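Student: Sequence and computational prediction follow.
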Amino acid sequence: MKIALDEFQEKCTILINQLNESQEEIIITQLGSPIAKLIPLKLEESPKVFGCMKESIKFIGDIVSPIDEPWESSNV
C-alpha cells in the first residue's frame, strides 16, 4: 500500500492497526516519491530455557550414597 505523508499523518493510528492485522507493508510518499516504509513487526518466539536440558543427563549408579574412598576437605 502506498500513502501520501499528509494522509498518513491524519490516519496514523488507524493505519498502524491495519498494518498489524494485514501484515502488509505501507510505503509513505512525499510529492510522489517514497520516503519511508512501515513494515509489520514480526516477533520471534524466544527459545525455552527452562527445561531445555530435560532428559539429556543419564545417571549411572547411586549418586546419593557416600563413597568408600577417604577424602579430605580443603576447608579445615
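Tutor: Received, thanks.
Student: can you give me the strands in this structure?
Tutor: For the chain, the strands defined by DSSP state E cover 2-4, 26-30, 33-38.
Student: closest one to F50 among the ones you listed?
Tutor: strand 33-38 (35.5 Å; Cβ to Cβ). Placement of C-beta: from N, CA and C, glycine included.
Student: circling back to that earlier point, dump the strands of the chain into JSON lines; add distance to T13 as well.
Tutor: Below are the strands of the chain laid out as JSON lines (distance: least, Cβ to Cβ, whole Å):
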{"stretch": "strand 2-4", "distance to T13": "14"}
{"stretch": "strand 26-30", "distance to T13": "13"}
{"stretch": "strand 33-38", "distance to T13": "13"}
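Student: Determine which stretch of those strands is the most buried.
Tutor: strand 26-30 (a mean of 15; mean count of other Cβ atoms under 10 Å).
Student: need the strands of the chain in JSON lines with mean pLDDT and distance to F50, can you?
Tutor: Putting those into JSON lines (pLDDT from 0 to 100; distance: least, Cβ to Cβ, whole Å) gives the following:
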{"stretch": "strand 2-4", "mean pLDDT": "94", "distance to F50": "44"}
{"stretch": "strand 26-30", "mean pLDDT": "94", "distance to F50": "38"}
{"stretch": "strand 33-38", "mean pLDDT": "94", "distance to F50": "36"}
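Student: out of those, nearest to K11?
Tutor: Taking Cβ to Cβ, strand 2-4 is the member of the strands of the chain nearest to K11, at 7.9 Å.
Student: how far is the closest one from where the chain is centred?
Tutor: Distance of strand 2-4 from its chain centroid, counting by Cα atoms, centre = their mean, to the nearest Å, is 30 Å.
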